[in-house]
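Colleague: Show me the folded form of this:
(one chain, ligands or ions: 2)
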Amino acid sequence: MAKETANGEQHTITRPPPTPSPLRFSKFFQPNLRILVTGGAGFIGSHLVDKLMENEKNEVIVVDNYFTGSKDNLKKWIGHPRFELIRHDVTEKLLVEVDQIYHLACPASPIFYKYNPVKTIKTNVIGTLNMLGLAKRVGARILLTSTSEVYGDPLEHPQKEEYWGNVNPIGVRSCYDEGKRVAETLMFDYHRQHGIEIRIARIFNTYGPRMNIDDGRVVSNFIAQAIRGEPLTVQSPGTQTRSFCYVSDMVDGLIRLMEGEHTGPINIGNPGEFTMMELAEAVKELIDPAVPVKIVENTPDDPRQRKPNITKAKELLGWEPKITLREGLPLMEDDFRQRLGVSKKHIN
Ligand SMILES: NC(=O)c1ccc[n+]([C@@H]2O[C@H](COP(=O)([O-])OP(=O)(O)OC[C@H]3O[C@@H](n4cnc5c(N)ncnc54)[C@H](O)[C@@H]3O)[C@@H](O)[C@H]2O)c1
Ligand SMILES: O=C(O)[C@H]1O[C@H](OP(=O)(O)OP(=O)(O)OC[C@H]2O[C@@H](n3ccc(=O)[nH]c3=O)[C@H](O)[C@@H]2O)[C@H](O)[C@@H](O)[C@@H]1O
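Modeller: Ligands and ions are numbered 1, 2, ... in the order given. Take a look at the predicted model:
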């Protein structure tokens, strides 16, 4: 129980969160698991919803403000009796009765998170506070999708979870990377102070079908450019590296983390590491060897290298990615061609 001074100011001992609704334990009522997905209309969120909806024991509630997400990503579930979609901004309070919260809401592409940096930091800080407040009120377990950007421009390679990072606190990316670092801090403080059940995933670059065509991230840019026959814009120097995880592997990792016993943080990503030049060559080879590569100016504080150490994910979650970059890119090409209305040229 919490210890309070006479004026009620000091809280030093943790108070457990409320137990879930008595209905959960009633003998004759067999409730479904009620799962909230914030940011569920976005790229990873909508794939996660597809997977959660496959289980008939799950009811899924999505909240999204549609900044970078779209109802289109969820159209097959709209009207389904186990699905609900709410237009809501997580910087405002939300009152719903749920058992689990996957908290994804936050713009993820650098061009979108830098567009309104103050809003991005509010989403990370106030949005996460609101979701933790909700978790505390209803006794829900909450998973935060943090990011490999918490490692900043890493001085340790590959990055393991114990590395504290090398982050510029006042740069143009700080609204996102420092925002996520505060979000992680809030998660652990609610865990220690209020006993909330938390899970933290540190996600490394994820790609796949349904990314916005104009999302601005490197894989979607290169694929759209190659299909349109435009030069691939490699930001200088082109030797910077990333490790790309296919979205179905990511969703599998997130669900294992939520269902498992470990708070994390746990890195979820594919350790295959590529320079941006190598990625451009792979996309050219797949889609159109004739498209040129154009070196363009980079943006400030772009991390020079990124590769997850996934020992923890392997040992604690029994998870590792299955789909290599060369297997994943063609799956994304098909989706992009369909949306761009450009079919494959058949050379005989
Ligand atoms: N895709 C990646 O490579 C990657 C890597 C690391 C971490 N992540 C994290 O995973 C999550 C999902 O990323 P994504 O790639 O699907 O991005 P996305 O932009 O496609 O999805 C984010 C979703 O959150 C919604 N959203 C944004 N601000 C909101 C707000 N204030 N209130 C309600 N909804 C809001 C957007 O409309 C969108 O639907 C994010 O938290 C991101 O930081 C993604
Ligand atoms: O994995 C992560 O943690 C982060 O990964 C990405 O951030 P970033 O790696 O900067 O994403 P991209 O915009 O895809 O850039 C990757 C690299 O490609 C380069 N790039 C980008 C776009 C482009 O057209 N050309 C190009 O060479 C960039 O300079 C950068 O070095 C995501 O967008 C973040 O949301 C996520 O948190």
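
Colleague: Going by C-alpha atoms from here, please, whenever you check contacts or count neighbours.
Modeller: Noted.

Colleague: Name the surrounding residues that touch the worst-scoring helix or strand of the chain on mean pLDDT.
Modeller: In the chain, the helix or strand scored least confidently by mean pLDDT, DSSP states H and E is helix 110-113, which has a mean of 92. Contact with helix 110-113 is made by 68, 106-107, 120, 173, 175-176, 215-217, as judged by C-alpha atoms under 8 Å, 6 or more residues apart in numbering.

Colleague: What's the PyMOL line that selects buried ones from the residues you listed?
Modeller: Burial among the contacts of helix 110-113 is assessed by 16 or more other C-alpha atoms under 10 Å; the matching PyMOL selection reads:
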select buried, resi 68+106+107+120+173+175+176+215+217
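
Colleague: filter the contacts of helix 110-113 down to the ones close to ligand 2.
Modeller: Applying C-alpha under 6 Å from any ligand atom to those, one finds that 216-217 fall near ligand 2.

Colleague: now, among the contacts of helix 110-113, which is nearest to ligand 2?
Modeller: Distance to ligand 2, by C-alpha to the nearest ligand atom, is smallest for residue 217 among the contacts of helix 110-113, at 3.4 Å.

Colleague: Around ligand 2, pick out the residues from the stretch 51-200 of the chain.
Modeller: 108-110, 147-149.

Colleague: Tell me which of the contacts of helix 110-113 fall in helices.
Modeller: Secondary structure assignment by DSSP state H places 120, 175-176 of those in helices.

Colleague: got any ranges where this structure has weak pLDDT?
Modeller: Residue ranges of the chain with pLDDT under 70: 1-15, 28-30, 346-348.

Colleague: Helices of that one, start to end?
Modeller: Assigned by DSSP H, the chain shows helices spanning 43-54, 110-113, 117-138, 174-194, 218-228, 247-259, 276-287, 311-317, 325-340.

Colleague: Dump the longest one to CSV, keeping only the CA atoms.
Modeller: This means helix 117-138. Once non-C-alpha atoms are left out, helix 117-138 reads as follows in CSV (Å, rounded to 0.1, in the frame of the first residue of the first chain):
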residue,chain,number,x,y,z
PRO,A,117,8.0,17.9,-33.7
VAL,A,118,6.1,19.3,-30.7
LYS,A,119,3.1,17.1,-31.5
THR,A,120,5.5,14.1,-31.9
ILE,A,121,6.9,14.7,-28.4
LYS,A,122,3.4,15.2,-27.0
THR,A,123,2.3,11.9,-28.6
ASN,A,124,5.2,10.1,-27.1
VAL,A,125,5.0,11.6,-23.6
ILE,A,126,1.4,12.6,-23.0
GLY,A,127,0.1,9.8,-25.2
THR,A,128,2.1,7.2,-23.3
LEU,A,129,1.1,8.8,-19.9
ASN,A,130,-2.6,8.5,-20.9
MET,A,131,-2.2,4.9,-22.0
LEU,A,132,-0.4,4.1,-18.7
GLY,A,133,-3.1,5.8,-16.8
LEU,A,134,-5.7,3.7,-18.6
ALA,A,135,-3.6,0.5,-17.9
LYS,A,136,-3.5,1.4,-14.3
ARG,A,137,-7.2,2.1,-14.0
VAL,A,138,-8.3,-1.1,-15.6
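
Colleague: residues contacting residue 17?
Modeller: By C-alpha under 8 Å, 6+ apart, residue 17 lies in contact with 136-139, 194-196.

Colleague: Neighbour-wise, give me the winner out of the residues you listed.
Modeller: Among the contacts of residue 17, the one with the most neighbours (other C-alpha atoms under 10 Å) is residue 196, at 26 neighbours.

Colleague: That one is in contact with residue 189, isn't it?
Modeller: No. Counting by C-alpha atoms under 8 Å, residue 196 sits too far from residue 189 to count as a contact (9.1 Å).
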